[in-house]
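Trainee: output the structure for:
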Amino acid sequence: MIKNPFYRAVLAAGYIVAISFFFFFGTRYLRDTPDTILTPITMLSLFVLSASIMGYLFLGAPLQLYLDGDKKGAVVAFAKTVGFFSAITALFLIGLFVSSYLM
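Mentor: The predicted structure follows:
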């Protein structure tokens, strides 16, 4: 279990970056392929996988603390993870605005 909220937030952002890279670069090779039943199956599977990974990263350690009787520590751990992730998201937004301004 990853106890450091900063690491959990960075791993969540890294997962999002990895999936985004896959969709941005990987779909270039799939543009002229016909749609099949595998498309919605794959998207729903990715959605469930993402929810599971994010649930583990955001709620795993706080839930463990809560079950161990440290309710205040659980809230603090969750709040710190969300706070760090919010800061990372703000950096992504700043990067988006700066890159759109420079282009």
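Trainee: sec struct for Gly69, please.
Mentor: Per DSSP: H, G, I helix; E, B strand; the rest coil, the secondary structure class of Gly69 is coil.
Trainee: so where does Thr42 fall, helix or strand?
Mentor: For Thr42, the enclosing helix or strand under DSSP states H and E is helix 38-67.
Trainee: run the chain-centre distance for that helix.
Mentor: Centroid separation for helix 38-67 versus its chain: 9 Å, with Cα atoms, centre = their mean, to the nearest Å.
Trainee: what pLDDT, on average, does it get?
Mentor: Mean per-residue pLDDT for helix 38-67: 95.
Trainee: quick one: the helix or strand following that helix to chain centroid distance?
Mentor: Per DSSP H and E, helix 38-67 leads on to helix 71-102 as the next helix or strand towards the C-terminus. The gap between where helix 71-102 is centred and where its chain is centred comes out at 11 Å by Cα atoms, centre = their mean.
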